[in-house]
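**Student:** output the structure for:
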Amino acid sequence: MNIPNLLTLTRIVLVPVIVILLIEASFFKAMIVFIIAGITDGLDGFLARILNQKTVLGAYLDPLADKALIIASFVTLSVLGVVPGWLSVIVISRDCIIIVGISVLVLMDVSFNVRPTFLSKVTTVFQLLTIFMVMVFLGLSIKFENHTIDDIMYWLTALFTVASGFNYIVIGVRMMNSTSPAERH
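**Tutor:** This is a model prediction of the structure:
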């Protein structure tokens with residue numbers, strides 16, 4: 001176990017803490033814990049690179065930690081009526097489509113590397129920025145009469161999420177079509 005992996009595990013452990021704080025309406029504390037989770041996200045990758053401590057475990061844990069943080073936050077904020085439910089459905093549906101696609105590739109015995117695309121990275125940034133923005137609004141009790149800022153973030157997040165989902169579908173279909181059954185065995 002190395003420092004980057006410990007930071008990733010810390011982020012995973014912070015996910016239920018954030019959910020509990022949100023449910024208890026401790027928005028400022030939830031915002032602080034979310035910021036700490038974000039810092040661990042940046043630090044784990046940075047330290048893995050500069051300390052030359054990239055591991056297979058870290059390669060799997062890091063995106064899982066991100067997904068756990070994003071999905072738990074969107075679901076909780078939707079249940080609280082802060083984030084529109086339709087946006088949470090889009091975010092979660094994209095991840096379900098990716099999981100189903102990976103499962104199909106495995107069942108078809110198609111070899112592949114799981115690497116995020118540039119569009120996927122941008123999508124994750126927008127999803128995290130949306131959650132962060134909402135956390136800041138809640139944590140600092142910022143009220144906007146005009147919902148332009150949050151609406152723009154919601155729609156941009158939805159747009160990138162849908163585009164990224166379609167991008168992965170295209171990549172998956174190409175992988176399935178490029179390998180004949182004879183080549184898989």
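**Student:** what's the helix or strand for the residue nearest the centre of the chain?
**Tutor:** In the chain, the C-alpha nearest the mean C-alpha coordinate belongs to residue 67, at 3.7 Å (CA atoms, centre = their mean). Using DSSP states H and E, residue 67 falls within helix 56-79.
**Student:** which parts of this structure are helices?
**Tutor:** For the chain, the helices defined by DSSP state H occupy 3-23, 27-50, 56-79, 85-107, 118-139, 148-178, 181-184.
**Student:** how about these in a markdown table, adding mean pLDDT?
**Tutor:** Compiled in a markdown table, the helices of the chain are given as follows (pLDDT from 0 to 100):
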| stretch | mean pLDDT |
| --- | --- |
| helix 3-23 | 95 |
| helix 27-50 | 93 |
| helix 56-79 | 92 |
| helix 85-107 | 93 |
| helix 118-139 | 94 |
| helix 148-178 | 92 |
| helix 181-184 | 53 |
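**Student:** now find how far off-centre the helix holding residue 67 is within its chain.
**Tutor:** 5 Å (CA atoms, centre = their mean, to the nearest Å).
**Student:** what do you get for stretch 166-173?
**Tutor:** Distance of stretch 166-173 from the chain centroid (CA atoms, centre = their mean) equals 18 Å.
**Student:** stretch 103-112 too?
**Tutor:** 23 Å.
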